[in-house]
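Peer 1: coords please:
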Amino acid sequence: MSFNHGLPVRFVSVSFTTESLGGKYPKLGEETYDSDGNKYVYIYNDCNSQISPGYGVAVQSGVSTPYSCTLSTVTSADLLVGVVKHSTITTGSYGYVVTRGIVNVEMLATSGSVATNSPIEIGADGAFAPVSNTTGNKAGVKGKSLEAIVSGASGSAYISVY
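Peer 2: Next up, the predicted model:
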């Protein structure tokens, strides 16, 4: 066990998913870091589809915990919780999402391309879009592209949720 600002840090595999909580598994909402310094939070997939790497998850409406997440989002309006980085999180399963760090993101098929070092925001169905100053953004910037990414493709970005 290592220490982070005096608090114990638990080293865990951020790439696994599970269908249950308790015992050796992390607690819902538990945060951890990988060896590259990426920050993760443990969430529950509460939507009706699996969440693949590169897609962002938002808080599921009408639930009692902020860590029950969904893939269905309204462009620029939902609170991004994190981005799936390693393994697909199937419906009704638990897994880690990146809240701060470098991850490949999936761009909306109709969003238009984003240039290197451009701000991105959460779009519909967990995909990302270039930030538009003309759409009255409600969610704001959630990351910055580290390379040019075309519509419907994935590319590297720095994400900072909170």
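
Peer 1: and the closest residue to Val161 other than its chain neighbours, what helix or strand is that in?
Peer 2: Nearest non-adjacent residue to Val161, counting by C-beta to C-beta, 6 or more residues apart in numbering: Thr99, 4.4 Å away. Placement of C-beta: from N, CA and C, glycine included. Assignment of secondary structure by DSSP states H and E places Thr99 within strand 94-106.

Peer 1: I'd like the mean pLDDT over that strand, please.
Peer 2: On average, the pLDDT along strand 94-106 is 93.

Peer 1: Identify each buried residue in it, please.
Peer 2: Neighbour-count burial for strand 94-106 flags 94-101, 103-106 (criterion: 16 or more other C-beta atoms under 10 Å).

Peer 1: Quick check, the residue nearest to Val161 in contact with Asp34.
Peer 2: No. Using C-beta atoms under 8 Å as the test, Thr99 is too far from Asp34 to be in contact (11.9 Å).

Peer 1: any residues in contact with both of these two?
Peer 2: Common contacts of Thr99 and Asp34 (C-beta atoms under 8 Å, 6 or more residues apart in numbering): Tyr40.

Peer 1: what does the helix or strand where Tyr40 lies rub up against?
Peer 2: If you go by DSSP H and E, Tyr40 is part of strand 39-45. Here strand 39-45 makes contact (C-beta under 8 Å, 6+ apart) with 14, 26-34, 51, 57, 65, 67-70, 81-82, 85, 89-101.

Peer 1: Pick out the residue closest to the middle of the chain.
Peer 2: Val83 (1.7 Å; C-alpha atoms, centre = their mean).

Peer 1: so that one makes contact with Gly54?
Peer 2: Yes. With contact defined as C-beta under 8 Å, Val83 reaches Gly54; the gap is 7.1 Å.
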